[in-house]
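In: Sequence and predicted model, in that order:
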Amino acid sequence: MLLAFNITDVFNVFLLGSALLGFCLSLFMFFSKYGKNKSLLFLNLMILTIALNNIQSWALALNLFQHKFMLSYIQIPWHFLSGPFFYAFLVNYLDIVDLLKKLLKFFVFVFFLMCIALV
């Protein structure tokens, strides 16, 4: 007997599976003795936001919240948080916090110079 899978069903299984694996990894890293590092905390938060985004996408794809008409207006954009968490992870993992402060001062100075030049 052939199993007939719809591509939507396969997509939903991957969404749910990746969300559950993300939650498990996140819980494991939160309670691990090695997860107390600041860079690993940001990596963990990035994984958690991607898992939350996947579980929300899975729930919306299956219309689990169809009876609540306001959900389409108040969806939480979890994927927007993954970028800043990844940036914070890289800054702390590569230990370039001091270099970034110097670069930030330079670019703020250049920005203000350009603003003054345009006026």
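Out: Received, thanks.

In: Report the contact partners of Leu16.
Out: Residues near Leu16 by Cβ atoms under 8 Å, 6 or more residues apart in numbering: Asn54, Ile55, Trp58. (Glycine included, C-beta is placed from N, CA and C.)

In: Going by neighbour count, which of these comes out on top?
Out: Counting neighbours by other Cβ atoms under 10 Å, Asn54 leads the contacts of Leu16 with 22 neighbours.

In: so is Asn44 in a helix, a strand, or just coil?
Out: The local conformation at Asn44, judged by DSSP: H, G, I helix; E, B strand; the rest coil, is helix.

In: Going forward, the N-terminal residue is numbered 14.
Out: Shifting the count to begin at 14 puts that one at Asn57.

In: related to what we said a few turns ago, now, which of the contacts of Leu29 sits nearest Phe44?
Out: Using Cβ to Cβ, Ile68 comes nearest to Phe44 of the contacts of Leu29, at 20.3 Å.

In: nearest residue to that closest one other than its sequence neighbours?
Out: Excluding the flanking residues, the one nearest Ile68 by Cβ to Cβ, 6 or more residues apart in numbering is Ala32, at 4.0 Å.

In: Spatially nearest residue to Tyr47, not counting backbone neighbours?
Out: Tyr47 sits nearest to Leu53 (Cβ to Cβ, 6+ apart), 6.9 Å away.

In: Quick check, that neighbour in contact with Met42.
Out: Yes - look at Leu53 against Met42 with Cβ atoms under 8 Å: they come within range, at 6.4 Å.

In: measure Ile63 to Tyr100 for me?
Out: 15 Å (Cβ to Cβ, to the nearest Å).

In: hmm, back to that, which neighbouring elements make contact with the strand or helix carrying the residue nearest to Tyr47?
Out: Per DSSP states H and E, Leu53 falls inside helix 51-74. Judged by 3 or more Cβ pairs under 8 Å, 6 or more residues apart in numbering; DSSP states H and E, helix 51-74 is in contact with helix 20-43, helix 92-106.

In: ranking the ones you listed by mean pLDDT, which is last?
Out: When the helices and strands packed on helix 51-74 are ranked by mean pLDDT, helix 92-106 comes last with a mean of 88.
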